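**Q** The sequence and its predicted three-dimensional model are supplied below.
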Amino acid sequence: MSLIEKLEQRIQQSGGFIVSCQPIPGSPMDHPEIVAAMALAAAQSGAAALRIEGLANLRAVREKVKIPIIGIIKHDLEDSPVRITPFLEDIDALKEAGADLIAFDGTQRERPVSTEMLINRIHHHGMPAIADCSNAEDGMLCHQLGADFIATTLSGYTSIHTPVEPDLALVTTLSQQGCKVIAEGRYNTPAQAAQAMRLGAWAVTVGSAITRIENICQWYREAMKPA
Ligand SMILES: CC(=O)N[C@H](C=O)[C@@H](O)[C@H](O)[C@H](O)COP(=O)(O)O
């Protein structure tokens, strides 16, 4: 069994529940030691894997947890809308900092480095590649290029309006096409995560509903507004 298969087996045997610990930038929670504490709490509560952004956070989390970590680095580029792990150097640095899997933007938008080169670099380091996609076309292209997992992370985030609900239809389509799908993006309730698994998802990543206090407070405030 290859290293990649072993890692896959480990995540699936632990139930496929992945927790993304990404505080809102500038939030009082946005400190590596707080990210590491959230990650440890999630790991102790049965998360199969973690999704962590940035090298300082990744190093702090790696010191505390043994479960697999999906590493990403976000950039705000002037000449491209692509934010998640756009450079080959990001991949090398994430590997060095202790990531076990790497996620990258798998959309077909203007980008500094091709998705094919990113996938090859991740594989060069012996790690599984997770393509964060926005639609079925992105997903199938990355699948054909050899991405190990297709995540629905960017569905709803490549145009101006972001829907409230998760894109369960995309989970269904990609699973039926033979992709190992990680459902991600707006899985704000356990029921929605369970539904994604029933529709064929291989795993579900939950972020805001667990680790972004500001978002959760806003949901409550909105719901409690007088009619
Ligand atoms: C669009 C984008 O950049 N998504 C990011 C990807 O890393 C994160 O900001 C999300 O929190 C993560 O995908 C989990 O999703 P949710 O927070 O909805 O559970």
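**A** Thanks, I have the structure now.

**Q** what residues does this structure put near the ligand?
**A** 20, 22, 72, 153-154, 157, 184-187, 205-209 (Cβ under 6 Å from any ligand atom). Where you see a C-beta, it was placed from the backbone N, CA and C, and this is true even at glycine.

**Q** residue contacts, the residue of the chain found nearest the ligand?
**A** Closest contact between the chain and the ligand, by Cβ to the nearest ligand atom, is at Gly207 (2.9 Å). For Gly207, the contact set (Cβ atoms under 8 Å, 6 or more residues apart in numbering) comprises Val19, Ser20, Cys21, Gln22, Arg51, Glu184.

**Q** which of those sit farthest apart?
**A** Cys21 and Glu184 (13.6 Å; Cβ to Cβ).

**Q** The spatially most central residue of the chain: what secondary structure?
**A** Closest to where the C-alpha atoms of the chain average out (Cα atoms, centre = their mean) is Arg51, at 5.7 Å. Following DSSP: H, G, I helix; E, B strand; the rest coil, the label given to Arg51 is strand.

**Q** and it, what pLDDT?
**A** We have a pLDDT of 98 for Arg51.

**Q** now the strands for the chain?
**A** 17-21, 49-53, 69-72, 101-105, 129-132, 149-151, 181-184, 203-206 (DSSP state E).

**Q** Adjacent strands (with direction) for the first one?
**A** Using DSSP bridges, the strands paired with strand 17-21 in its sheet are strand 49-53 (parallel), strand 203-206 (parallel).

**Q** centre of the chain versus it, how much separation?
**A** On the basis of Cα atoms, centre = their mean, to the nearest Å, strand 17-21 sits 8 Å off its chain's mean C-alpha point.

**Q** cool, stretch 194-210 as well?
**A** The answer for stretch 194-210 is 11 Å, by Cα atoms, centre = their mean.

**Q** What is the neighbour count of Glu200?
**A** Residue 200: Gly, not Glu. 16 (other Cβ atoms under 10 Å).

**Q** for the one 4 residues further on, same thing?
**A** Close neighbours of Val204, defined as other Cβ under 10 Å, add up to 27.

**Q** where's it relative to Met1, distance?
**A** 24 Å (Cβ to Cβ, to the nearest Å).

**Q** repeat for Arg83
**A** Taking Cβ to Cβ, one finds Arg83 at 34 Å from Met1.

**Q** the more surrounded of the two?
**A** Arg83 (16 against 8).

**Q** And the pLDDT at that one?
**A** Reported pLDDT for Arg83: 98.

**Q** Now that it has come up, it's in contact with His75, right?
**A** Yes. Counting by Cβ atoms under 8 Å, a contact exists between Arg83 and His75, whose distance comes to 5.9 Å.

**Q** Wait, Glu184 touches Gly156, no?
**A** No. Judged on Cβ under 8 Å, Glu184 makes no contact with Gly156 at a distance of 10.9 Å.

**Q** Please enumerate the shared neighbours of the two.
**A** Common neighbours of Glu184 and Gly156 (Cβ under 8 Å, 6+ apart) do not exist.

**Q** Cool, thanks, signing off.
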